[in-house]
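Asker: show me the folded form of this:
(one chain, ligands or ions: 2)
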Amino acid sequence: MTDRRAALTETFMQALRDRTPQEDEFHQAVEEVVYDTITVEKNDPAFARARVLDRLSEPDRVVAFRVVWEDDTGAIQINRAWRVQTSNAIGPYKGGLRFHPTVNPSVLKFLGFEQVFKNALTGLPLGGGKGGSDFDPKGRSDAEIMRFCHALMAELCKYIGPDHDVPAGDINVGTREIGYLFGAYKQHRGQFHGALTGKGPSFGGSAMRVEATGYGLVYFAGHMLAQQNREKDGLRVAVSGAGNVATHAAEEALAQGAKVVSLSDSGGALVAEEGMSQDHINWVRQAKASGQGLDDAPDGLRYNAGAQPWGAVEAELLLPCATQNELDRDALQDAIDAGAKMIAEGANMPLTGGAVKLAQQKGLVHAPGKASNAGGVAISGLEMSQNAHGQYLSAETVRSRLKDIMGNIHQTVLAEADPRNGVPDYRQGANIAGYRKVAQAISAFGAI
Ligand code: NDP
Ligand code: 8G0
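Answerer: Ligands and ions are numbered 1, 2, ... in the order given. Coordinates of the predicted model:
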């Protein structure tokens, strides 16, 4: 069985590598899913005939364009931007926009691919996509950010819409950027409707969208802990990242009685042996919002320049919330030596392939981002329906819906997760459950 699976996966991957050379992140994301689902596909005549995995590993389309804008010195700047529309089999394309110098078609194709399965797991009618630009906002003024967002949307507005493709933020795209992007969309299209999520509350944004990914991650981790009969109270939690997902995960973990022992950014790690306070988390948010590093840390926090949090401090639960491939095999070994037993991914694909294998070998309980970080896109789905109906939900209602959705995802995933030495394989569960939902739709459409 395993040999057949490995052989089928290798044949599939060889063909993918041949037709998409040098797209390493994309191959990594596809391989994880294919390994878990290829026998499900081969054993179901309708799915096999529909060639679901072949279809999903070729996005519906990739729109590529140039963004020209003027910086504060009056010089012309040129960036590259893309929107990857992976699949609208179960709903409009949905997924964020990322601004980062590392953005390229491989990164966006991996993110769009993951998004298809994640969005299916939310139980909402959402397809998958992702977009972004190689624009680096570090050191740019507010006026430059605005001009860049306006210039990008002048082109992107042709390819999105509330029933077609609904972007949102992602790395370096927050409420401010969504405001600029939405203003430009409205201007160019002459329509006010929910073609973006993560909007400000005064123009159609949902309560709790900002908090949803990080809070939802902690709700999901709570179900993992309960499944393992472990206590939340006093649990030592290492978080990486210092952005939206990381700080909200830290905040909710703290609110639930855990000890948050780290945060980090691309410059280094902040460690708190005795756990962070809400004031510490607020300080991190403030420092990042004003474009500073984390080096001038207040009492109770120790800053390690150039370091990652993994293994720097004792922690049982790891919440990697920064970016893809941030946690490699050696770093995970260090974290295991420092007490790590569980991982819930806040970022998308934060573990390298080697780290995923090590987590499995060592019997760690490990939830993939497509399950554990799905709270953000789920509340984006609620924002879309609030926009469509013109009726808005209170923060308490959204929070309770978020808790229900994360609980449902946990159950759905667990139902498809084979236990291995008492540890459920959440990755397999998430891949199979997401696959089945999308495959049923795709195989109903015929040859199209
Ligand atoms: P933010 O821009 O708010 O924060 C990103 C954080 O990650 C920053 O601390 C940043 O450090 C760090 N980071 C980014 N790139 C790198 C890198 N190459 N090396 C080291 N550190 C890096 O983004 P979000 O919090 O929104 O997103 C974090 C992750 O969560 C991403 O993988 C995203 O796709 C995923 N995600 C986000 C959702 C959302 O709703 N926002 C939903 C689901 C998943 P620095 O400030 O120094 O650049
Ligand atoms: O709301 C969204 O569509 C969105 C934004 C940023 C990231 C994600 C994700 O699920 O990775 C979704």
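Asker: ok, how many other residues are close to Asp60?
Answerer: Close neighbours of Asp60, defined as other Cβ atoms under 10 Å, add up to 18. C-beta coordinates here come from the backbone N, C-alpha and C atoms, glycine included.
Asker: next up, phi/psi of the spatially closest residue to it that is not a sequence neighbour, please.
Answerer: The spatially closest residue to Asp60, leaving aside those adjacent along the chain, is Gln85, at 4.8 Å (Cβ to Cβ, 6 or more residues apart in numbering). With angles defined as degrees, to the nearest 10, Gln85 sits at phi -100, psi 100.
Asker: and Gln85, what does it touch?
Answerer: Neighbouring residues of Gln85 by Cβ atoms under 8 Å, 6 or more residues apart in numbering: Pro59, Asp60, Arg61, Val62, Val63, Tyr93, Gly112, Gly129, Tyr159, Asp165.
Asker: between those, which is closest to Ala221?
Answerer: Distance to Ala221, by Cβ to Cβ, is smallest for Gly112 among the contacts of Gln85, at 25.6 Å.
Asker: so what's the residue count around the closest one?
Answerer: 29.
Asker: so it sits against Trp82, correct?
Answerer: No. With contact defined as Cβ atoms under 8 Å, Gly112 does not count as touching Trp82 (9.7 Å).
Asker: out of the contacts of Gln85, which are buried?
Answerer: Those of the contacts of Gln85 that meet the buried threshold are Pro59, Asp60, Val62, Val63, Tyr93, Gly112, Gly129, Tyr159, Asp165, by 16 or more other Cβ atoms under 10 Å.
Asker: so which of those sit within helices?
Answerer: Gly112 (DSSP state H).
Asker: mind checking how far the residue nearest the centre of the chain is from Tyr35?
Answerer: Taking Cα atoms, centre = their mean, the centroid of the chain lies closest to Asn348, which sits 4.1 Å from it. To Tyr35, Asn348 is 18 Å away according to Cβ to Cβ, to the nearest Å.
Asker: so which strand or helix has the residue nearest to the centre of the chain?
Answerer: Using DSSP states H and E, Asn348 falls within no helix or strand.
Asker: what sits closest to it if chain neighbours are left out?
Answerer: Nearest non-adjacent residue to Asn348 (Cβ to Cβ, 6+ apart): Gly369, at 4.8 Å.
Asker: and the buried ones among the contacts of Gln85 as CSV, adding pLDDT?
Answerer: Output for the buried ones among the contacts of Gln85, formatted as CSV (pLDDT from 0 to 100):
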residue, pLDDT
Pro59, 98
Asp60, 98
Val62, 98
Val63, 99
Tyr93, 99
Gly112, 99
Gly129, 99
Tyr159, 98
Asp165, 98
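Asker: about what we covered before: just to check, the residue nearest to the centre of the chain is in contact with Gln324?
Answerer: Yes. Using Cβ under 8 Å, Asn348 makes contact with Gln324 at a distance of 6.1 Å.
Asker: where do the contact lists of the two overlap?
Answerer: Common neighbours of Asn348 and Gln324 are listed as Phe110 (criterion: Cβ under 8 Å, 6+ apart).
Asker: quickly note the distance from the closest residue to ligand 2 within the stretch 151-300 of the chain to ligand 1.
Answerer: Proximity to ligand 2, evaluated over the stretch 151-300 of the chain using Cβ to the nearest ligand atom, is greatest for Ala168 at 3.3 Å. Plainly put, Ala168 is 7 Å away from ligand 1 if you go by Cβ to the nearest ligand atom, to the nearest Å.
Asker: residues in contact with that residue?
Answerer: Ala168 touches Lys94, Gly95, Gly96, Leu97, Ile178, Leu196, Thr197, Gly198, Gly376, Val377, Ser380, counting by Cβ under 8 Å, 6+ apart.
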